[in-house]
Every structure is written in structure tokens, then in C-alpha cells.
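>>> what follows is a predicted protein model with its sequence.
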Amino acid sequence: MTPLNLPPYDYRLRTLKGRQMILDNLRHRFVALTPEEWVRQHFVHFLVDHKGYPSALLGNEVALQIGDKTLRADTVLYTPTIQPRMIVEYKAPTIEITQKVFDQIVAYNLLLHADYLIVSNGMHHYCCKIDYEKRGYTFLKDIPVYSQL
């Protein structure tokens, strides 16, 4: 897999029926190792191990219902009272971060009303804080540590 612009971690791999699988510590199971999953697992470990995010408040592949359509937010950080606080959208390292990617995460946020949105392809990471009162957003220079949210 491609080296990422994220700290390395001690991941666990397994082969099942000829497919590479990686352990997802949030879902407590092995999942198919795709380029996007490679980014997700590294980014979640970055949040937990380097930014102090509690793994108990993070969820991967969170189902969202829009009418009869089900979408999946890649990772959602919740408050201790189970309110969405942050949404993270991942792309494979070879996928450019475009307006279409931001449109996707904004659509998820119409349902979740999170305060922070992050988009990452493992190489580039973009984080913005939503200001609902001023109806705007601010891009942050870095991913905030959990205690600063």
C-alpha cells in the first residue's frame, strides 16, 4: 500500500479467501483492505493516538438515511451525549480532493449538523469548522486535538 502523510501504526492484516483484510479497531472486525480503507485506518489511529480522540466516541461507516436512500459517512466523532461533532470523509491516495468531495461531506452534514468537517486522501487533509450562527466556515491549519474542540 501507498505510504501516507500520516504517522505509521502497528496495523494487523489477514488474508481471507484470497483478499487482504485489515483490522478495524472501531468496528472490531477485519475489513477489506482497499486504498480508501488504508487511509481510514491510518487516519483513525492518528486521531486516537496523536490527537487524543476517544475511540469510544468514533464510528466508522455510519449509516445515514435520506428518504429511501442509505448513505454512509466514513467516520463520525460524537460528543459524550451522542451528538455528531465531526465528520471525516476519506478518499484513496490517488484521488484528488475536489469540490465534489466537499459537496459529498456537506450533504452528510445536512443530516448530522456537525461542527467540524474533515476530508483526507491520506496525503492531504482539510479541516473546517462550521459557524452556524454566521452561516459560514473556516478552514483550520491543522486537525485540532480533541481537548480543543
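Arrived safely, thanks for sending.
>>> and the residue nearest the centre of the chain, what are its bridge partners?
The chain has Val88 as the residue nearest its centroid, 3.0 Å off, counting by Cα atoms, centre = their mean. Applying DSSP bridges to Val88 gives these bridge partners: Thr75, Ile118.
>>> list the buried residues of the longest helix along the chain.
Using DSSP state H, we find that the single longest helix of the chain is helix 35-51. By neighbour count, with 16 or more other Cβ atoms under 10 Å as the criterion, the buried positions of helix 35-51 are 35-48. Any C-beta I mention is one placed from the backbone N, CA and C, and that applies to glycine too.
>>> do the same with stretch 128-138
Buried residues in stretch 128-138, defined by neighbour count with 16+ other Cβ under 10 Å: Cys128, Lys129, Ile130, Tyr137.
>>> and the strands in this protein?
13-16, 19-24, 29-32, 58-66, 69-78, 84-90, 116-120, 125-131, 136-140 (DSSP state E).
>>> just put these in a markdown table and tack on mean pLDDT and distance to Lys100.
Formatted as a markdown table, those follow (pLDDT from 0 to 100; distance: least, Cβ to Cβ, whole Å):
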| stretch | mean pLDDT | distance to Lys100 |
| --- | --- | --- |
| strand 13-16 | 96 | 31 |
| strand 19-24 | 98 | 26 |
| strand 29-32 | 97 | 24 |
| strand 58-66 | 90 | 17 |
| strand 69-78 | 92 | 15 |
| strand 84-90 | 97 | 11 |
| strand 116-120 | 98 | 11 |
| strand 125-131 | 96 | 14 |
| strand 136-140 | 94 | 17 |
